[in-house]
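predicted model follows, preceded by the sequence.
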Amino acid sequence: MSIEVKTHTALHIVKGAIVKVLGADAKWSTSAGIDGAHGRIAVEYPRKPTPEQLAQIQTKVDMKIAEDAAIETYTMTRKEAEQRLGDWIYDKFPLPETIQTVTIFHLPDWNVNACIKKHTKTTGEIGKIRITKTRYRNSKQVLEVSYDIEE
Ligand SMILES: [Zn+2]
């Protein structure tokens, strides 16, 4: 399995941990990207997280990896996905209206997102996700979290 699959899947794990710690105020991802073993995700959030909250994000990530939880993906119409899962399937910039069938990434009780990329079958396959940097941009009200995958 390529490192990119692990690094990409880790985006969903980190995003889920951010929302677990900071709540639904942090539900909108504004950007996400990977480069080899490095990943970065940014979410809207209205205030600077405390150091304790930031530390908790790493703790939650570690917990979810240790669980080796099964990752599910399924395909359904966009309408059905919206009815069943709500706007949680979207990021800050919704899918073009022309896309009427979506593939859903689903890690139960953690993260659900319309995503067509390849994923690991379980969280444990990712290996260690080490958060290397967090930065809160007051002007944009955006929290950025960077991480490395360690094999
Ligand atoms: Zn994905």
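That came in fine, so what should we check first?

continuing past the helix or strand harbouring residue 133, what's the next helix or strand?
Taking DSSP states H and E as the criterion, residue 133 maps to strand 128-137. Downstream of strand 128-137, the first helix or strand assigned by DSSP H and E is strand 142-150.

which residues touch that next one?
For strand 142-150, the external contacting residues (C-beta atoms under 8 Å, 6 or more residues apart in numbering) are 3, 6-7, 10, 14, 18, 22, 26, 30, 37-45, 49, 57, 61, 126-137. Where you see a C-beta, it was placed from the backbone N, CA and C, and this is true even at glycine.

now do the same contact list for whatever residue of the chain ends up closest to the ion.
Using C-beta to the ion, the closest approach of the chain to the ion is made by residue 115 at 3.3 Å. By C-beta under 8 Å, 6+ apart, the contact set of residue 115 is 12, 103, 104, 105.

against residue 151, how distant is it?
Distance, residue 115 to residue 151, by C-beta to C-beta, to the nearest Å: 23 Å.

likewise for residue 12?
Residue 12 is 18 Å from residue 151, where distance means C-beta to C-beta.

residue 17 and residue 62 touch, don't they?
No: contact status for residue 17 versus residue 62: not in contact, 9.0 Å apart, counting by C-beta atoms under 8 Å.

those two - which one has more neighbours?
More neighbours surround residue 17 than the other of residue 17 and residue 62, with 24 against 16 (other C-beta atoms under 10 Å).

tell me the pLDDT of that one.
Residue 17 carries a pLDDT score of 98 in this model.

picking up where we left off before, greatest separation within the contacts of residue 115: which pair is it?
Spatial extent of the contacts of residue 115 (C-beta to C-beta) is set by the pair 12 and 103 at 12.9 Å.

regarding the chain, what is its longest helix?
Using DSSP state H, we find that the single longest helix of the chain is helix 3-22.

helices and strands around that one, which ones?
Helices and strands touching helix 3-22, by 3 or more C-beta pairs under 8 Å, 6 or more residues apart in numbering; DSSP states H and E, are strand 29-35, strand 38-44, helix 51-67, strand 101-107, strand 111-114, strand 128-137, strand 142-150.

I'd like these as CSV, with mean pLDDT and distance to residue 75 appended.
Converted to CSV, those look like this (pLDDT from 0 to 100; distance: least, C-beta to C-beta, whole Å):
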stretch, mean pLDDT, distance to residue 75
strand 29-35, 96, 21
strand 38-44, 98, 24
helix 51-67, 98, 24
strand 101-107, 96, 5
strand 111-114, 96, 10
strand 128-137, 98, 27
strand 142-150, 98, 27
